[in-house]
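Q: Below are the sequence and a predicted model for it; my questions follow.
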Amino acid sequence: MPASKATTASGLDREATRENLSETRRRAQLILFLGREFCTLRRVKTRSFFLLGLFSVGLSCTACSKKEAPPAPASPVTSVTPAPSAAPVQPVKAPAQAAQPDAELGIAWTDPADWKREAPKSMMRKAQYVIPAAAGDSEAAELTVFYFGPGQGGGVEENINRWTGQFKDLKKEAIQRSERAVNDLTQHVVEVESGTYSGTSMGPHAPPTAPKESQGLLGAVVEAPTGRYFFKLSGPSKTVKAGRESFFKLLDSIKAKSAG
């Protein structure tokens, strides 16, 4: 090959080589530039996310700090111990004063001076009295007053027969009956001077009391505008007999209460 042609070929090769190197450098620079931009972009995103997280935490803390404070505890209630109630007043004898054993009663009467009025032992009893034992008797007698409401408590004969039926083998002639009209009220009276009291049951499942000899009875069914009232005095015969005068004084004092 001529020398001129060889020289030309080698020059073309060197030129091509330089162009390849330049292209390679440009590509390398582009790759480096893109890499730096990518890294920069990642740092920016990371920083943005970090700042956004901080902002969210700040909002949460602000919301927490704005929560309402818990209500103040209520002031303690001071317990007050009620003062002890006064002892119940025991009924006293009031010979000149009408007894008021129950507000629902439509009648009133005067307590005998020698009797002691007590608190009733049951709700069925509207009044209760103790008659002191007479000489020769070891027990006191008792007067009880019953009232069950208008039209309640049974009829006159029903109750009187029940009272006299509580005596064992009581003869008919031993029962004295009478009727009285006092203060416009009718009173049905029954008397048993002495007999064996067979005892009564204190409840549907309770055994009857033991029979007692030499027992007496004074009873009265008083008919009033508000219904029938039942007065029953029973106990040792001597004591019942000694209390007979006071019993009739009580019956004489019974009056119907004025309406209103």
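A: Alright, I've got the coordinates.
Q: if I pick Ile160, what's in contact with it?
A: 177, 188, 190, 219, 221 (Cβ atoms under 8 Å, 6 or more residues apart in numbering). In this view, the C-beta of every residue, glycine as well, is placed from N, C-alpha and C.
Q: try 10 Å this time
A: Ile160 sits next to 154, 175, 177, 188-190, 217, 219-221, 230 when contact means Cβ atoms under 10 Å, 6 or more residues apart in numbering.
Q: Quote the end-to-end distance of stretch 142-151.
A: 26 Å (Cα to Cα, to the nearest Å).
Q: can you check stretch 157-172 too?
A: Start-to-end, stretch 157-172 (Cα to Cα) is 14 Å.
Q: Would you tell me what the next helix or strand after the helix or strand of the chain with the lowest mean pLDDT is?
A: In the chain, no helix or strand scores lower on mean pLDDT, DSSP states H and E than strand 98-99, which sits at a mean of 46. Counting by DSSP states H and E, the next helix or strand C-terminal to strand 98-99 is strand 107-110.
Q: which strands and helices sit next to that following strand?
A: strand 98-99, strand 141-147, strand 212-224, strand 227-236, helix 244-253, strand 255-256 (3 or more Cβ pairs under 10 Å, 6 or more residues apart in numbering; DSSP states H and E).
Q: mind listing what's buried in the very next helix or strand once past it?
A: Using DSSP H and E, the next helix or strand after strand 107-110 towards the C-terminus is strand 116-118. Judged by neighbour count using 16 or more other Cβ atoms under 10 Å, the buried positions of strand 116-118 are 116-117.
Q: any idea of the mean pLDDT in strand 116-118?
A: Mean per-residue pLDDT for strand 116-118: 96.
Q: One more: stretch 209-217?
A: 91.
Q: Which two of the contacts of Ile160 have the greatest separation?
A: Within those, Gly154 and Ile175 form the most distant pair, 18.2 Å apart (Cβ to Cβ).
Q: The protein: helices as residue ranges?
A: Secondary structure of the chain by DSSP state H: the helices cover 3-65, 156-164, 237-242, 244-253.
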